[in-house]
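Chemist: Quick one, what's the 3D model for this:
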Amino acid sequence: FAPIVLSDPINLKPYGLDEYPLIVEITTGGEKSILRFGEEADDANRFTRSSFVRLDGKDEVIQLGPGIFAALDRKAEYFEQRRLFPVERVAKEDGSAEKVEQLAADRVDVETKDAKYTIARKNKDWSLKEADKKDDKKWKRVASEDRLDPVRRDAFLRGFPELWAEKFVERKSLEECGLKEPEFIVTVTKPSGAKIKLLIGKVSHSETRFELKAGPPGMPPRMIKEEYRYAKLEKNDKLFEIKADKLGDITAALDDLRDPQLARFKTEDVKRLEMRHGDQEIILVKVKESDKEKAKEKWRIEKPSKQDAEEKAVEEVLDKLASLQARGKEVHDDIDAKTVGLDKPRGRIKITLEEADNDGNKKEDKDAKKKTREIVYQLGVKDKESDKVYVRVDAWPRVNQLNDELWKLVSRSELAYRPRELWRIDRDAITGVTIQADRAPYHLRRVEDTWKISEPFEADIAPKDIETLAAELANPKCERFEAVKPKD
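Modeler: Reported below is the predicted structural model:
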């Protein structure tokens with residue numbers, strides 16, 4: 001910066017301040033200052049020309065660096081806010097260090113021509129609060145509070161940072177832009193309580209571009225069609241265009257937003273499984289095989305008896321619970337609990353989980369502090385409809401209609417969870433076998449590494465036959481248990 005004293009008479013032409021200077025008025029503490037900017041007259045690139053400024057008509061000009069005049073000499077449109085909604089940076093997924101932008105808000109209301117719904121945040125979790133559909137010009141409630149599909153939820157929240165005022169529109173009416181009766185209305189409530197309402201009208205135009213595909217040379221480019229729509233903010237007369245490629249995520253259909261999965265958890269995090277069916281109650285717990293810190297875990301029956309459990313039988317139930325889904329007509333929002341047997345549930349399943357309490361900004365840590373979570377399934381059955389089961393999870397209002405596979409698992413007796421392995425011994429430790437059926441017994445004896453029939457006669461035994469028999473006797477397994485207390 002260099003001050004230049006103006007000579008008398010004052011000649012402002014060399015500094016570009018004579019005819020059309022760029023005037024900037026600044027108010028500080030109630031006092032106004034007027035800055036007049038100019039640049040030297042030169043045919044060279046304007047970003048390399050020197051800039052000059054004169055303050056309040058003083059007898060000096062300050063020489064500035066190149067490009068300052070060009071940076072200030074812009075239309076008002078350049079300084080207008082183009083980002084429509086506040087955003088925040090969050091972990092791309094749990095345990096990921098990668099960050100992405102998403103909407104920073106507490107509530108979003110979306111309204112289309114025939115549907116509207118509200119999504120709200122409580123702490124860090126987003127959920128559906130309510131939804132309505134238009135029925136004969138009147139709004140009818142079709143859904144209450146429910147969980148959101150995680151993929152759809154993320155696409156919804158991460159679509160907002162892509163909504164910008166791409167281009168301001170002049171000399172068009174609301175009717176011409178389809179904003180008298182908008183196609184979509186999106187209202188965002190910020191944490192402060194302030195609201196931003198975006199009205200979205202009809203398509204303004206579309207553009208086509210080509211993008212090279214990743215792959216071997218010679219691959220044809222991919223054609224991408226980009227659609228733009230007219231839009232405006234409520235209580236603001238400015239009309240503009242937005243790119244509509246993320247609009248499908250933000251105004252997704254209700255059925256697509258709702259989580260089809262009844263509950264989300266990792267089966268390996270389950271530490272306790274409780275099942276009640278009628279008068280029968282079965283409790284299974286996961287325990288360590290020894291007192292060692294890193295000892296392997298196993299399942300045990302805690303009730304009605306105390307013994308080891310068949311791992312595969314327990315895993316079968318947990319895998320089934322983790323995969324349960326309901327969509328469309330299988331989801332009931334306004335059903336009478338009594339009509340589907342949920343006023344007095346016929347069955348109940350409760351699982352207790354220990355999950356790593358990871359900070360969302362850190363990678364998954366196996367040694368992280370654990371948090372306990374419970375999930376409760378209530379099961380109802382309609383009279384004369386044994387092929388269906390109606391399930392409500394925790395306190396969520398919706399009722400899910402499923403086939404009877406889950407009911408069959410819940411109604412199994414304790415015997416289904418008893419280990420099929422009757423005992424396990426070292427095959428080489430067997431030195432003798434006595435076999436008795438409907439005839440006189442006979443005895444097999446091992447002498448060193450050779451097996452023989454010792455009684456009622458002596459004879460050699462084929463090695464292959466005795467190896468098969470010894471292996472089966474060392475680790476016998478039953479096909480199934482028939483009864484706890486069998487009758488004669």
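Chemist: what about the strands in the stretch 251-400 of the chain?
Modeler: In the stretch 251-400 of the chain, the segments counted as strands under DSSP state E, counting those that start in this stretch are 270-277, 280-288, 297-303, 307-308, 331-332, 347-356, 370-380, 388-393, 399-403.
Chemist: Quick check: bridge partners of the residue nearest to residue 16 when sequence neighbours are not counted?
Modeler: Computed as Cβ to Cβ, 6 or more residues apart in numbering, the closest residue to residue 16 that is not its neighbour in sequence is residue 38, at 3.0 Å. Heads up, the C-betas are built off the backbone N, CA and C, glycines and all. Listed by DSSP bridges, the beta-bridge partners for residue 38 are residue 52.
Chemist: and residue 38, what is it in contact with?
Modeler: Contacts for residue 38 (Cβ atoms under 8 Å, 6 or more residues apart in numbering) come out as 12, 15, 16, 17, 18, 21, 22, 51, 52, 53, 54, 69.
Chemist: which among the residues you listed end up buried?
Modeler: Taking 16 or more other Cβ atoms under 10 Å as the criterion, what is buried in the contacts of residue 38 is 12, 15, 16, 17, 21, 22, 51, 52, 53, 54, 69.
Chemist: Which of these fall in strands?
Modeler: 22, 51, 52, 53, 54 (DSSP state E).
Chemist: quick one: residue 133 and residue 115 touch, right?
Modeler: Yes. Here residue 133 lies in contact with residue 115, judged by Cβ atoms under 8 Å, at a distance of 5.1 Å.
Chemist: Mutual contacts of the two, please.
Modeler: Contacts common to residue 133 and residue 115, judged by Cβ under 8 Å, 6+ apart, are residue 254.
Chemist: from what I can see residue 207 touches residue 225, true?
Modeler: Yes. Between residue 207 and residue 225 there is a contact under Cβ under 8 Å: 7.4 Å.
Chemist: Following element in sequence after the least confident helix or strand in the chain by mean pLDDT, please.
Modeler: Lowest mean confidence among the helices and strands of the chain (mean pLDDT, DSSP states H and E): helix 76-79, at a mean of 67. Downstream of helix 76-79, the next assigned helix or strand under DSSP states H and E is strand 87-91.
Chemist: residues in contact with that following strand?
Modeler: Contacts of strand 87-91 (Cβ under 8 Å, 6+ apart): 97, 98, 99, 100, 101, 102, 103, 104, 160, 161, 360, 361.
Chemist: swap the cut-off to 7 Å and go again
Modeler: For strand 87-91, the external contacting residues (Cβ atoms under 7 Å, 6 or more residues apart in numbering) are 99, 100, 101, 102, 103, 104, 160, 161, 360, 361.
Chemist: For the fifth one, which non-adjacent residue is closest in space?
Modeler: In this case it means residue 103. For residue 103, ignoring the flanking residues on the chain, the nearest one in space by Cβ to Cβ, 6+ apart is residue 160 at 4.0 Å.
Chemist: Near the residue nearest to residue 372 when sequence neighbours are not counted, how many other residues are there?
Modeler: Take residue 372 and drop its neighbours on the chain: the residue closest to it by Cβ to Cβ, 6+ apart is residue 354, 5.9 Å away. Residue 354: 15 surrounding residues under other Cβ atoms under 10 Å.
Chemist: can you pull the contacts of residue 354?
Modeler: Contacts of residue 354 by Cβ under 7 Å, 6+ apart are 269, 271, 370, 372.
Chemist: tell me the least confident of these?
Modeler: Across the contacts of residue 354, the bottom pLDDT score, 85, is held by residue 370.
Chemist: Distance-wise, check that one relative to residue 296.
Modeler: Distance from residue 370 to residue 296, counting by Cβ to Cβ, to the nearest Å: 18 Å.
Chemist: Those two: which has the busier surroundings?
Modeler: Neighbours were counted for residue 370 and for residue 296 using other Cβ under 10 Å; residue 370 has more, 13 against 8.
Chemist: List the contacts of the more buried one.
Modeler: Contacts of residue 370 (Cβ under 7 Å, 6+ apart): 354, 355, 356, 357.
Chemist: in the sheet, who's paired with the second one?
Modeler: With DSSP bridges as the criterion, residue 355 is bridged to residue 371.
Chemist: picking up where we left off before, my read: the residue nearest to residue 103 touches residue 85, true?
Modeler: Yes. Counting by Cβ atoms under 7 Å, residue 160 touches residue 85, with 4.8 Å between them.
Chemist: and these two? which has more neighbours close in?
Modeler: Set residue 160 next to residue 85 and count neighbours by other Cβ under 10 Å: residue 160 wins out with 24 against 17.
Chemist: Could you confirm the more buried one falls within a helix?
Modeler: Yes. Counting by DSSP: H, G, I helix; E, B strand; the rest coil, residue 160 falls inside a helix.
Chemist: Apart from its neighbours in sequence, what residue is nearest residue 245?
Modeler: residue 226 (6.2 Å).
Chemist: what's the answer for residue 308, then?
Modeler: Counting by Cβ to Cβ, 6+ apart, the residue nearest residue 308 is residue 419, at 5.1 Å.
Chemist: Could you report the separation of that neighbour from residue 355?
Modeler: 28 Å.
Chemist: neighbour-wise, which of these two wins?
Modeler: Set residue 419 next to residue 355 and count neighbours by other Cβ under 10 Å: residue 419 wins out with 19 against 14.
Chemist: Report the secondary structure state of the more buried one.
Modeler: Recorded secondary structure, residue 419: coil (three-state DSSP).
Chemist: these two touch, right, it and residue 310?
Modeler: Yes. Between residue 419 and residue 310 there is a contact at 4.8 Å, judged by Cβ under 7 Å.
Chemist: What's the per-residue pLDDT of residue 4 here?
Modeler: pLDDT at residue 4 comes out at 91.
Chemist: Longest strand in this protein, by number of residues?
Modeler: Every strand in the chain considered (DSSP E), the longest is strand 195-211.
Chemist: Give me the phi and psi angles of the nearest residue to residue 42 once chain neighbours are set aside.
Modeler: Closest residue in space to residue 42, ignoring its immediate chain neighbours: residue 49 at 5.2 Å, by Cβ to Cβ, 6+ apart. Here is the backbone geometry of residue 49 (degrees, to the nearest 10): phi -80, psi 150.
Chemist: Pretty sure residue 49 sits against residue 66.
Modeler: Yes. With contact defined as Cβ under 7 Å, residue 49 reaches residue 66; the gap is 5.6 Å.
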